[in-house]
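J.: Turn this into a model:
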Amino acid sequence: MNKNLLLLLISLVVLYGCVQRQYQNQQSVHTSAQAQKENDSQSIKYSIDRVTECSLGLRKEVPGFGRKTDPATLAATKVVDSQVLYAMETSPNKIELMASNSKITQAQKQALLTYISANQICRELARSEFKSFPSFLLVYENYYGDIDIVYSKLISKEITIGEANREKSKLAARAKNEMAAAGDKLNNQYNAAINQENQARQAADMQRRAIAAQYLMNQQNINAAQQINNQNQMNNQLMNNKPITTNCNKYGNQVNCTSY
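T.: Presented below is the predicted three-dimensional model:
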């Protein structure tokens, strides 16, 4: 896979990560779906970095994988980048190569075949890294399949070097759009899961609040009934302890007494 496409994919994943963080900042509770979203986003970025390092390693004497790049691969990649297919959007020879009416030479063909063979390790790495993310893997597979068609047409001299570079540019643009769509799709899936978890949490919170409110109401009713009962008991005690007054009246030899 060429550096141009990989750098485009990296920029999209970085943008995807920014959207992710913006959404997460709006959430008050870190749900399991949010955690998965963060972990997967980091995994996707890490995988793209790995594939990018692999592709760039074909252009470095020491790529950082604990081994040196084969000199023949380095030489072949240099020929391809300078004479056959531009390496990056910012490559100074991009316009020149896109405008070329030349057909590929035998030496350039051998260099391209060497590069394609060496790049197979990066393709396998991409397949391994993105096996858990089918929508992202599909972007790579689409590009691999279609760039192979361009390679075949170029090697068979069916198309010119300029036509091959223009086709490559179209494929890179399409891959950029496909990656954006894959990111949006995955982001929407995560957001739907996060919303579902938040709704479930809110429903559970509402249920707990309702139970707590009912409990407090019951306790208030019990307390009010207890206060009424205590007041009644106090009233009864006051009535029972009230002093008795007796008045007596004498009518002749008879005495009548009244107590109250």
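
J.: Which neighbouring elements make contact with whichever helix or strand Arg50 is part of?
T.: Per DSSP states H and E, Arg50 falls inside helix 32-57. Contact partners of helix 32-57 among helices and strands, from 3 or more C-beta pairs under 8 Å, 6 or more residues apart in numbering; DSSP states H and E: helix 3-25, helix 106-129, helix 161-240. (Each C-beta comes from the backbone N, C-alpha and C, glycine too.)

J.: mind redoing it with 10 Å?
T.: helix 3-25, helix 71-79, helix 106-129, helix 134-155, helix 161-240 (3 or more C-beta pairs under 10 Å, 6 or more residues apart in numbering; DSSP states H and E).

J.: roughly how far out does that helix sit from the chain middle?
T.: With C-alpha atoms, centre = their mean, to the nearest Å as the basis, helix 32-57 stands 10 Å off its chain's centre.

J.: Likewise for stretch 104-124?
T.: Offset of stretch 104-124 from its chain centre (C-alpha atoms, centre = their mean): 35 Å.

J.: Please identify the buried residues of it?
T.: Within stretch 104-124, the residues that qualify as buried by neighbour count (16 or more other C-beta atoms under 10 Å) are Ile104, Gln108, Lys109, Ala111, Leu112, Thr114, Tyr115, Ile116, Ala118, Asn119, Cys122, Arg123.

J.: List the buried residues of stretch 210-224.
T.: Applying 16+ other C-beta under 10 Å to stretch 210-224 flags no residue as buried.

J.: Quick one: mean pLDDT for that stretch?
T.: In this model, stretch 210-224 has a mean pLDDT of 76.

J.: export it as CSV, just CAs?
T.: Output of stretch 210-224 as CSV, limited to C-alpha atoms (Å, rounded to 0.1, in the frame of the first residue of the first chain):
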residue,chain,number,x,y,z
ALA,A,210,-39.5,6.5,42.8
ILE,A,211,-38.7,3.7,45.3
ALA,A,212,-36.9,6.2,47.5
ALA,A,213,-39.7,8.7,47.3
GLN,A,214,-42.3,6.1,48.2
TYR,A,215,-40.2,4.9,51.1
LEU,A,216,-39.9,8.5,52.4
MET,A,217,-43.6,9.0,52.0
ASN,A,218,-44.3,5.9,54.0
GLN,A,219,-41.9,6.9,56.7
GLN,A,220,-43.6,10.3,56.9
ASN,A,221,-47.0,8.7,57.2
ILE,A,222,-45.7,6.4,59.9
ASN,A,223,-44.1,9.3,61.7
ALA,A,224,-47.3,11.4,61.5
